[in-house]
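need coordinates for the below:
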Amino acid sequence: MINAITDPTKIGEEAETDGYLSIKYSFTRGDDIFRFTFFDYRGQNSGTLARGVKDNSHSDTKELNSIVFVVDLMPPERKYREDNSKALDLHVKTRLRAHVDEWSSPTLDTIFGFFDQEELRYVCLYINTVDKIRDNAAHIKSDIKEELAPMIARLRKRCGYKDDGDTLGEGFAKFDILFGSARSGLSVLKLKSELMKHSVISG
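The predicted model follows:
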């Protein structure tokens, strides 16, 4: 994902994060200079993320303003669903439920605790590897959202949204759901655009 955002020529390359890392990235558009620092960690263990932020507490972590939660529907070695039915197969459901369990309310409280509420601008749930599902029509996306509903509700709440009908949020951060693929570049430009839109002007 980070490679696809920072260097479009790397779209399609498989890469894994080993442990915890931070990557600095900057580019110029018109008269504006955008500078980003991406923090990433391996796997679904949120404890690794918490330790990484703690061990790397420097000036960059004081200006965090976006969070991207990446949910992989399929691992790299699995290319397609085994059936073409409307229901999500057991494998995908298991992966989605693992994410819902991992990102419990206490865990999200810890993660959001690293962010200054006044600085946090954008939270994205990026549902990755949709290109590896043969039947990715609208009803499949609806099924995926239904499986992730508890996690989505928790994220919306922490972004200041009052209820399901609230589209702007009372609060401080825009919440977004993107279906895409870091491997193929699907929705990567949209994500990058949102990160730019919600970045802050530094002195």
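
output the longest helix that the chain contains as PDB, nothing but the C-alphas.
Taking DSSP state H as the assignment, the helix of the chain that covers the most residues is helix 90-102. This file holds the C-alpha atoms of helix 90-102, laid out as PDB (Å, rounded to 0.1, in the frame of the first residue of the first chain):
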ATOM      1  CA  LEU A  90     -16.000 -19.200   4.800                       C
ATOM      2  CA  HIS A  91     -12.400 -18.200   4.200                       C
ATOM      3  CA  VAL A  92     -13.300 -14.500   3.600                       C
ATOM      4  CA  LYS A  93     -15.800 -14.500   6.500                       C
ATOM      5  CA  THR A  94     -13.100 -15.900   8.800                       C
ATOM      6  CA  ARG A  95     -10.600 -13.200   7.900                       C
ATOM      7  CA  LEU A  96     -13.200 -10.400   8.300                       C
ATOM      8  CA  ARG A  97     -14.300 -11.700  11.700                       C
ATOM      9  CA  ALA A  98     -10.600 -11.800  12.800                       C
ATOM     10  CA  HIS A  99     -10.400  -8.100  12.000                       C
ATOM     11  CA  VAL A 100     -13.600  -7.400  13.900                       C
ATOM     12  CA  ASP A 101     -12.300  -9.300  16.900                       C
ATOM     13  CA  GLU A 102      -8.800  -7.700  16.700                       C
END
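
would you mark the buried spots in the next helix or strand after that helix?
On the C-terminal side of helix 90-102, the closest following helix or strand by DSSP states H and E is helix 105-112. By neighbour count on 16 or more other CB atoms under 10 Å, the buried set for helix 105-112 is 107-108, 111-112. Every C-beta, even on glycine, is put in place using the N, C-alpha and C of the backbone.
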